[in-house]
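**Student:** Can you look at this prediction? I've put the sequence above it.
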Amino acid sequence: MTISTSPRPPDPAGDGAVTVVRRARVPGHDGAVDIVMSGGRIRSVGAPAPAGAPGTDAGDRLVVGGLVDAHLHLDKALTADRCSWSGGTVDDAMAETAAMKADFTVDDVAARAGAVLASCVAHGTTRVRTHVELDPIVGRRGLEGVLAAAADWAWAVDVEVCVFAQDGLTGSPETARLLDEALGGARAAGRRAVVGGAPYADDDPAGQLDRVFGLAADHDADVDLHLDLFDGTAEGALIGTVCDLTERAGLGGRVAAGHGTAWSFLEPEQRAAVLDRCAGTGVGVVSLPSTDLFLTGRETGAGAPRGVVVLDRLVERDAAAAVATNNVRNAFTPYGDGSLVRMANLYANLTHQASPEQLAACLDLVGPRAARVLGTPAAATGVVAGAPSDLVCLDAPDPGTAVAAVAPVRWVLKGGRRTVTGAAVELHPPV
Ligand SMILES: O=c1cc[nH]c(=O)[nH]1
């Protein structure tokens, strides 16, 4: 996609002005309806718009809430051209990243993160949780670069940062100090504090989980974990421990379990029990369908490729769950452009979603349901009165078609203001 910039169309008036979207197809409503907004919030959906109010015409197309990327590594995005592509396992990708991040500068990270945010915005994303590595190799440079890019793009996308140790925590007092400092800094600056972890990369995985929940308690932070560990059992996947710690800390609704790439190898009853426990505990699950990596043994062809967690059970239970981007063209995957509609389509393909309802549920996994993983109550997400007026018009009549056809974006509003106008495709058949 070519992204060009042009002056924003004039805003009808300052904050508080009534603006409308006319002729919008909104899930849950029959036919095309009007959406009335003011002060950055949706005021009504379905009631006729006041005559003469300025606004936007959806032209009988689908309008959904701004898309939500619950798991995106901005600090190491767009580094695929620095990789050797030898190996092909998660461990190899971590080693490649550890080597290259020694050379990251704040400006380098900010430029790459900004380029990815531009593409996310162009594809309809209005909220991102980004996972940023802190350790003695990269120090604070990744964090500072990402915060600079987030500030540049704040007019179009809300970015919240999850700081985490990719290369081990329990054996690295300096990493613990950096995390503690970053979480304190986030609170002091009035930002949300989120602490992550990658226990599979720690000599003491359970010990890392204890430390992460300890940091969360110290800073009133949310928790967001990479859970790839696997020894063939549900216990090995560590999710039971995460649920125990969540319950003990009273953090239900504020903990996300991302990746879970190995849970897909559990027996169906075990997997169902894991997901039920997550739903019951308030641990949101984030499935990441884009990866070329193996957990182990790519070279022999006999190893285990990373799997994709199927979220059907959580959708049936109306629990918090998301599909997200994870990596954009780095050592963990050569793919990606930040499009969540494409990610929903990929997830649908890989997990065999077929009916219009199943496909629509996939769009929800990059929209309101993903927002719930990030702690937003169900009643405050999507195209409902009271929710932020962050809206995306997709070139499709309904959510299922949008996912099946990877519908392009027609326009995006952030806080009721136009941030994106999609490129119109012109066809010129012979006369
Ligand atoms: O996919 C992965 C796994 C670990 N860390 C990442 O950044 N991405």
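**Tutor:** Now that the structure is in, tell me what you want to look at. Worth saying up front: this structure is predicted, and the values here are computed from it rather than measured.
**Student:** what sits against the residue of the stretch 251-400 of the chain found nearest the ligand?
**Tutor:** Residue of the stretch 251-400 of the chain nearest the ligand, by C-beta to the nearest ligand atom: residue 332 (4.1 Å). Quick note: C-beta positions are derived from backbone N, CA and C, even for glycine. Applying C-beta atoms under 8 Å, 6 or more residues apart in numbering, we find residue 332 in contact with 73, 90, 93, 97, 291, 293, 326.
**Student:** one more time with 6 Å, if that's ok
**Tutor:** When contacts are counted by C-beta atoms under 6 Å, 6 or more residues apart in numbering, residue 332 touches residue 93.
**Student:** what pLDDT does it get?
**Tutor:** Residue 332 carries a pLDDT score of 92 in this model.
**Student:** Same check on residue 51?
**Tutor:** 89.
**Student:** count of neighbours near it?
**Tutor:** As a burial measure, residue 51 scores 5 neighbours (other C-beta atoms under 10 Å).
**Student:** To which secondary structure element type does it belong?
**Tutor:** Secondary structure state of residue 51, per DSSP: H, G, I helix; E, B strand; the rest coil, is coil.
**Student:** List phi and psi for it.
**Tutor:** phi -60, psi 140 (degrees, to the nearest 10).
**Student:** any idea how far residue 33 is from it?
**Tutor:** 16 Å (C-beta to C-beta, to the nearest Å).
**Student:** just residue 278 next, same as before
**Tutor:** 35 Å.
**Student:** Would you mind telling me which of these two has more residues around it?
**Tutor:** Between residue 278 and residue 33, residue 278 has the larger neighbour count (other C-beta under 10 Å), namely 26 against 22.
**Student:** per-residue confidence for the closest residue to the ligand within the stretch 1-150 of the chain?
**Tutor:** Residue nearest to the ligand within the stretch 1-150 of the chain: residue 73 (4.6 Å; C-beta to the nearest ligand atom). Residue 73 carries a pLDDT value of 98.
**Student:** residues in contact with it?
**Tutor:** Residue 73 makes contacts with 131, 327, as judged by C-beta under 6 Å, 6+ apart.
**Student:** And the nearest residue to residue 25 once chain neighbours are set aside, what's its pLDDT?
**Tutor:** What sits nearest to residue 25 in space, not counting adjacent residues and going by C-beta to C-beta, 6 or more residues apart in numbering, is residue 62, at 4.8 Å. pLDDT, residue 62: 98.
**Student:** Before we move on, what's the pLDDT of residue 121?
**Tutor:** 96.
**Student:** all strands in the stretch 51-200 of the chain, in order from the N-terminus.
**Tutor:** 55-65, 67-72, 125-133, 158-164, 194-197 (DSSP state E, counting those that start in this stretch).
**Student:** tell me which parts of this protein are close to the ligand?
**Tutor:** Selection of the chain residues close to the ligand by C-beta under 6 Å from any ligand atom yields 73, 90, 166, 198, 226, 326, 327, 332.
**Student:** In a markdown table: these, plus distance to residue 153.
**Tutor:** Below are these laid out as a markdown table (distance: C-beta to C-beta, whole Å):
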| residue | distance to residue 153 |
| --- | --- |
| 73 | 16 |
| 90 | 29 |
| 166 | 24 |
| 198 | 26 |
| 226 | 24 |
| 326 | 19 |
| 327 | 19 |
| 332 | 23 |
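**Student:** ChimeraX command to pick out the buried ones of those?
**Tutor:** Entered in ChimeraX, the line below selects the buried ones among these, by 16 or more other C-beta atoms under 10 Å:
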select :73,90,166,198,226,326,327,332
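**Student:** least trustworthy position among the residues of the chain next to the ligand, going by pLDDT?
**Tutor:** Minimum confidence in those sits at residue 90, scoring 85.
**Student:** so how far is residue 294 from that residue?
**Tutor:** Taking C-beta to C-beta, one finds residue 90 at 8 Å from residue 294.
**Student:** still on that earlier bit, now, of the strands of the stretch 51-200 of the chain, which is deepest in the fold?
**Tutor:** strand 67-72 (a mean of 29; mean count of other C-beta atoms under 10 Å).
**Student:** helices or strands up against that strand?
**Tutor:** In terms of contacts (3 or more C-beta pairs under 6 Å, 6 or more residues apart in numbering; DSSP states H and E), strand 67-72 is packed against strand 125-133, helix 368-373.
**Student:** And for residue 190, the neighbour number?
**Tutor:** 6.
**Student:** Also the one 3 residues further on?
**Tutor:** Residues contacting residue 193 under the criterion other C-beta under 10 Å number 23.
**Student:** Provide a list of residues in contact with it.
**Tutor:** Contacts of residue 193 (C-beta under 6 Å, 6+ apart): 183, 186, 187, 219, 221.
**Student:** all helices in the stretch 51-200 of the chain, in order from the N-terminus.
**Tutor:** With DSSP state H, counting those that start in this stretch applied, the stretch 51-200 of the chain shows helices at 90-101, 106-122, 141-152, 173-188, listed in chain order.
**Student:** What about residue 176, how many residues nearby?
**Tutor:** 17.
**Student:** Need the nearest residue in space to it, chain neighbours excluded.
**Tutor:** residue 169 (6.2 Å).
**Student:** pLDDT score for the one you found?
**Tutor:** 98.
**Student:** quick one: it from residue 120, how far?
**Tutor:** 28 Å.
**Student:** One more: residue 405?
**Tutor:** For residue 405 relative to residue 120 (C-beta to C-beta), the value is 20 Å.
**Student:** Looking at these two now, which is surrounded by more residues?
**Tutor:** residue 120 (27 against 14).
**Student:** List the contacts of the residue of the stretch 101-250 of the chain found nearest the ligand.
**Tutor:** In the stretch 101-250 of the chain, the residue that lies nearest the ligand is residue 226 (5.2 Å; C-beta to the nearest ligand atom). By C-beta under 6 Å, 6+ apart, the contact list for residue 226 reads 198, 258, 259.
**Student:** That one bridge partners, please.
**Tutor:** For residue 226, the beta-bridge partners under DSSP bridges are residue 258.
**Student:** Helices of the stretch 301-431 of the chain, residue ranges please.
**Tutor:** Going by DSSP H, counting those that start in this stretch, the stretch 301-431 of the chain shows helices at 312-316, 340-350, 356-364, 368-373, 399-404.
**Student:** Reformat the ones you listed as CSV; add mean neighbour count, mean pLDDT and distance to residue 78.
**Tutor:** As requested, the helices of the stretch 301-431 of the chain are exported to CSV (neighbours: other C-beta atoms under 10 Å; pLDDT from 0 to 100; distance: least, C-beta to C-beta, whole Å):
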stretch, mean neighbour count, mean pLDDT, distance to residue 78
helix 312-316, 17, 97, 31
helix 340-350, 22, 97, 17
helix 356-364, 20, 98, 26
helix 368-373, 26, 98, 23
helix 399-404, 24, 98, 26
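**Student:** Using TSV, lay out those together with distance to residue 430.
**Tutor:** Shown next, in TSV, are the helices of the stretch 301-431 of the chain (distance: least, C-beta to C-beta, whole Å):
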stretch	distance to residue 430
helix 312-316	46
helix 340-350	32
helix 356-364	35
helix 368-373	44
helix 399-404	29
